[in-house]
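K.L.:
Have a look at this prediction, sequence included:
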Amino acid sequence: MADLFEVEDLRKLLQLAPEDFDTDAATVARRIASGWLSDATGLSVWPDPVPDRLWSWGIELGAIAYNNPEAAQSQQIDDYRVVNDAGRRSQILDDARRAYAVAVAGPQGSFPEWDWSWGPVPKSGREV
């Protein structure tokens with residue numbers, strides 16, 4: 001199974017030096033992002049290679065999870081305030097749901113009701 005994104009790509013996106021990057025936390029963030037996107041898309045296995053759209057959603061969700069592991073709405077220290085990305089996470093997941101609606105909902109369409117004038121219903125692959 002392909003990974004949604006490489007942990008090293010997440011480090012580069014966040015522009016962190018290798019010594020400032022927690023690889024274990026990034027691996028957990030990747031699993032969180034994978035879970036969120038899997039629920040939204042209905043995909044249980046990522047295609048190999050991962051399409052750019054899924055990769056970009058995944059790595060952005062991974063960055064959100066890495067930077068805010070407690071899922072806090074906001075944080076303030078003295079006069080420094082950070083508002084976290086709950087809105088952006090929702091937007092990404094909504095986009096993924098729309099893009100993969102068929103995968104989530106299953107086959108679409110209608111099938112005709114059985115018309116008894118067609119003949120007997122086949123049993124075990126044989127007609128009676």
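P.N.:
Received it, and whenever you're ready, just let me know what you need.

K.L.:
Can you tell me, leaving aside adjacent residues, what's nearest to Arg53?
P.N.:
Take Arg53 and drop its neighbours on the chain: the residue closest to it by C-beta to C-beta, 6 or more residues apart in numbering is Ala99, 6.9 Å away. The way it works is simple: take the backbone N, C-alpha and C, and place the C-beta from them, glycine included.

K.L.:
That neighbour touches Thr41, doesn't it?
P.N.:
Yes - between Ala99 and Thr41 there is a contact under C-beta atoms under 8 Å: 7.4 Å.

K.L.:
quick one, which of these two is more surrounded?
P.N.:
More crowded of Ala99 and Thr41, by other C-beta atoms under 10 Å: Thr41, with 19 against 15.

K.L.:
Can you list phi and psi of that one for me?
P.N.:
The phi/psi pair for Thr41 (degrees, to the nearest 10) reads phi -100, psi -20.

K.L.:
For the residue nearest to it when sequence neighbours are not counted, which residues are in contact?
P.N.:
The shortest distance from Thr41 to any non-neighbouring residue, by C-beta to C-beta, 6+ apart, is to Tyr100 (3.8 Å). Tyr100 is in contact with Ala40, Thr41, Gly42, Leu43, counting by C-beta atoms under 8 Å, 6 or more residues apart in numbering.
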